[in-house]
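[1] kindly return the folded structure for what I paste below:
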Amino acid sequence: MKKYLAMMCAAMLCVCCLALAACGGGTSSSAAASGSGSSASASASEASSAAQPSFVGEWKFAALEYQGMTLAGDLSAVIGQDMDVSLVIKDDGTGTMSFQGESADLKWTQKDASTITLTVSDADASSASSSASASASASDEPQSIDIVMKDNALFMEMNDADIQGTIIFTPDGVYADAKIIDLASATPIKSADELVGDWTLCGVNMMGVSVYGDPASLAAIAGDTDVSASFTKDGKVTMMGEEMQFSVESDGAYLTVEDAKLPVKSLDGDIVVDLSAYAGTDIALVFGK
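    Presented below is the predicted three-dimensional model:
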């Protein structure tokens, strides 16, 4: 189970680091958290009889909360077209967790009205395929973790010495509270006054994946990379350590980077810079004050 979350976290960090690299590069850093999973004493059969109907069924990956940030969107562009993260909970106290064609059998017990406890051994997970078995060095000790139901979503929290984060599952793979950076919702900026001032990176969208959260958390992932943007009245911009120009034309605001004109738009009180034409891939940076 730890392997699955580790791969999810790596994908998120990949999105952030690739995005930051497009504007000068960055290095990742880690954060620490405390806590541990717990196991319930009830048997699987007792869990079945006590099961809340809302837990039983197939659940799809919808979002990942990690180090003060939330990731949501289509991870297939980052991990691969066969991206599949799902959790199946059966009414007989068993289930499976799948990730990119690999699956691990699990057992579950009812902890309370809003919580169940999953138990799966890392050894079982690593033997789901021969290739995974050959490369994984997992313990035979079973791993237990609680899953909490809230607002028709399942929250699977990992608090481990190496990995901290929460995977969120929903029936349709959409988490309503995740903020998706949608350039189609951005509006043109008509006045330089809307831009002048100091801004800090608070979101990244790359290849259909949105990462949004605490600016300090994004700065931590950036490492030594400057994640600020400063616009002055004379049309100058310093963004992530690079100097450039901006202009406000009849159809909106633009940054000029070498031969590329990059649209700058307003999005829910923030500004979003579309770097696609410069980076050669779909990427946008969101800055807030």
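[2] can we go C-alpha only for contacts and neighbour counts from here?
    Will do.
[3] now the helices for this structure?
    Under the criterion DSSP state H, helices of the chain are mapped to 2-21, 44-50, 76-79, 122-126, 130-135, 215-222, 276-279.
[4] by mean pLDDT, show me the worst of those.
    Comparing mean pLDDT across the helices of the chain, the weakest is helix 130-135, with a mean of 36.
[5] what mean pLDDT does stretch 202-211 get?
    On average, stretch 202-211 scores 86.
[6] where does the stretch 151-289 of the chain dip in pLDDT?
    The stretch 151-289 of the chain contains residues with pLDDT under 70 at 160-163, 221-224.
[7] can you give me the strands in it?
    Assigned by DSSP state E, counting those that start in this stretch, the strands in the stretch 151-289 of the chain fall at 153-159, 164-170, 187-188, 197-206, 209-213, 228-231, 236-239, 242-249, 252-257, 260-267, 270-274, 283-288.
[8] how about those in TSV, adding distance to residue 99?
    TSV is the format used below for the strands of the stretch 151-289 of the chain (distance: least, C-alpha to C-alpha, whole Å):
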stretch	distance to residue 99
strand 153-159	15
strand 164-170	13
strand 187-188	38
strand 197-206	21
strand 209-213	18
strand 228-231	36
strand 236-239	38
strand 242-249	39
strand 252-257	40
strand 260-267	34
strand 270-274	32
strand 283-288	26
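[9] just name the most buried of these.
    Among these, strand 209-213 has the highest mean neighbour count (mean count of other C-alpha atoms under 10 Å), at a mean of 25.
[10] in its sheet, which strands sit next to that strand, and in what direction?
    strand 69-73 (antiparallel), strand 197-206 (antiparallel) (DSSP bridges).
[11] for residue 172, find the nearest of those strands.
    Nearest to residue 172 among the strands paired with strand 209-213 is strand 69-73 (12.4 Å), distances taken as C-alpha to C-alpha.
[12] returning to that earlier point: closest to residue 92 out of the strands of the stretch 151-289 of the chain?
    Across the strands of the stretch 151-289 of the chain, closest to residue 92 is strand 153-159 (C-alpha to C-alpha), at 18.6 Å.
[13] export only the CA atoms of that closest one, formatted as PDB.
    Extracted in PDB, the C-alpha atoms of strand 153-159 (Å, rounded to 0.1, in the frame of the first residue of the first chain):
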ATOM      1  CA  ALA A 153     -15.700  10.700  -0.400                       C
ATOM      2  CA  LEU A 154     -13.200   8.300   1.100                       C
ATOM      3  CA  PHE A 155     -10.100   9.800   2.700                       C
ATOM      4  CA  MET A 156      -7.100   7.400   3.100                       C
ATOM      5  CA  GLU A 157      -4.500   9.000   5.100                       C
ATOM      6  CA  MET A 158      -0.900   7.800   5.300                       C
ATOM      7  CA  ASN A 159       1.300   9.100   8.100                       C
END
